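Below: sequence and its predicted model.
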Amino acid sequence: MSDDELPVYIISKFSSSLSSSSSSDGFEFLAFVALAAFEEYTASSSAHTRRYIWRDRHSAHERLMNMYFMDEPMFEDDVFRTRYHMSRRLVLKIVEDITASFQWFRSSANAAGIRGFSATQKCTCALQQLAYNNLADNYDERSSFSTRTTRECLDNFCIAIKYLYGEEYLRSPTSHDVALLYEAHEARHHFPGMIGSIDCTHWTWRNCPHSLRGQYHRGNHERPTIILEAVASYDLWFWHAYFGVSGSNNDISVLKQSPLFIPEVNGKSPEYGFTVNGRRYNR
């Protein structure tokens, strides 16, 4: 029986007796039936409580620390870099910075005195989602995270990273950065005035609606995709990123849509001269 249904099935049981009784007795009986039904409904509603699943967060934390973050962990540095796509030292630095700045990542006890997930667990959960592109419900059995908590870890982690490191790492290159990039690329590729390499990559959109599949699908890809255009230097520093173009486009059409050359057109890019084929360029 759903919550919006009253148990009125007992009325039909006594419908025959109502027809033979007087009108006053019938109204009294109906009032009695309505009162009994209301009491049964309220009793059944109060009996429904929130289901609680016991998740041994402490054991999951100890297992994670023994595998990756102890002095002598189960997995060495090469396995760690494969799993998280970065070094162990960098992950620990990120966990330390986020814990110091955001209360949500700090472990605390609830009203029952049960400790929550540690900062290391929350950050590694977000990093694994970014590294493997897994669904939120894939971390229940191994890491003891519910689907809701997994999504919250990823959302809060991205907000924290942008807040802590956005000013330094999510910016356009300065004149000093351009000079270093010119020098490095000229020494490696013997090409002056090169700031980085531009390329487009396709990210699979697994939940693409059927009405949009033709727009986001191209013949050389099995599934619908969304294109990411990026400019990266030799040390994997991303100076430009443009995401959201449908997968049916090619690299040239993406470049026409992206804001990559807007600073150059408006004269706001950093000036650092170089010469190609005897011609001098300022940007």
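Ah, there it is.

Tell me which stretches of the stretch 51-200 of the chain form strands.
Counting by DSSP state E, counting those that start in this stretch, the stretch 51-200 of the chain has strands at residues 197-204.

Might you list the low-confidence residue ranges for it?
The stretch 51-200 of the chain contains residues with pLDDT under 70 at 51-56, 110-112, 137-143.

Okay, helices next: where are they in it?
Listed in chain order, the helices of the stretch 51-200 of the chain (DSSP state H, counting those that start in this stretch) span 57-64, 77-84, 88-101, 119-132, 140-143, 147-169, 175-189.

for the ones you listed, which one ends up most surrounded?
helix 119-132 (a mean of 20; mean count of other CB atoms under 10 Å). No exception for glycine: its C-beta is placed from N, CA and C like everyone else's.

elements contacting that one?
Using 3 or more CB pairs under 8 Å, 6 or more residues apart in numbering; DSSP states H and E as the contact criterion, the elements in contact with helix 119-132 are helix 57-64, helix 77-84, helix 88-101, helix 140-143, helix 147-169.

Save the ones you listed as TSV, and put in distance to D199 too.
Listed next are the helices and strands packed on helix 119-132 as TSV, based on distance: least, CB to CB, whole Å:
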stretch	distance to D199
helix 57-64	35
helix 77-84	23
helix 88-101	24
helix 140-143	34
helix 147-169	20
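
Quick check: closest non-adjacent residue to F105.
Spatial nearest neighbour of F105, chain neighbours left out: A119 (4.4 Å); criterion: CB to CB, 6 or more residues apart in numbering.

where's the one you found relative to V95, distance?
According to CB to CB, to the nearest Å, A119 and V95 sit 5 Å apart.

Straight-line length of stretch 98-108, end to end?
15 Å (CA to CA, to the nearest Å).

who's in contact with it?
Stretch 98-108 is contacted from outside by 95, 115-119, 122-123, 156-157, 160-161, 163-164, using CB atoms under 8 Å, 6 or more residues apart in numbering.

still on that earlier bit, surely the residue nearest to F105 touches L92?
No. Under the criterion of CB atoms under 8 Å, A119 makes no contact with L92, lying 10.5 Å away.

which residues touch stretch 237-255?
Residues from elsewhere that reach stretch 237-255 (CB under 8 Å, 6+ apart): 169, 172-173, 195-196, 198-200, 202, 205, 212, 214-218, 221, 224-233, 257-260.

circling back to that earlier point, make JSON lines out of the helices of the stretch 51-200 of the chain and add distance to I252.
Shown next, in JSON lines, are the helices of the stretch 51-200 of the chain (distance: least, CB to CB, whole Å):
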{"stretch": "helix 57-64", "distance to I252": "46"}
{"stretch": "helix 77-84", "distance to I252": "35"}
{"stretch": "helix 88-101", "distance to I252": "36"}
{"stretch": "helix 119-132", "distance to I252": "29"}
{"stretch": "helix 140-143", "distance to I252": "43"}
{"stretch": "helix 147-169", "distance to I252": "29"}
{"stretch": "helix 175-189", "distance to I252": "22"}
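
closest to Y281 out of the ones you listed?
helix 175-189 (11.1 Å; CB to CB).

So what's the gap between that closest one and the chain middle?
Distance of helix 175-189 from the chain centroid (CA atoms, centre = their mean, to the nearest Å) equals 34 Å.
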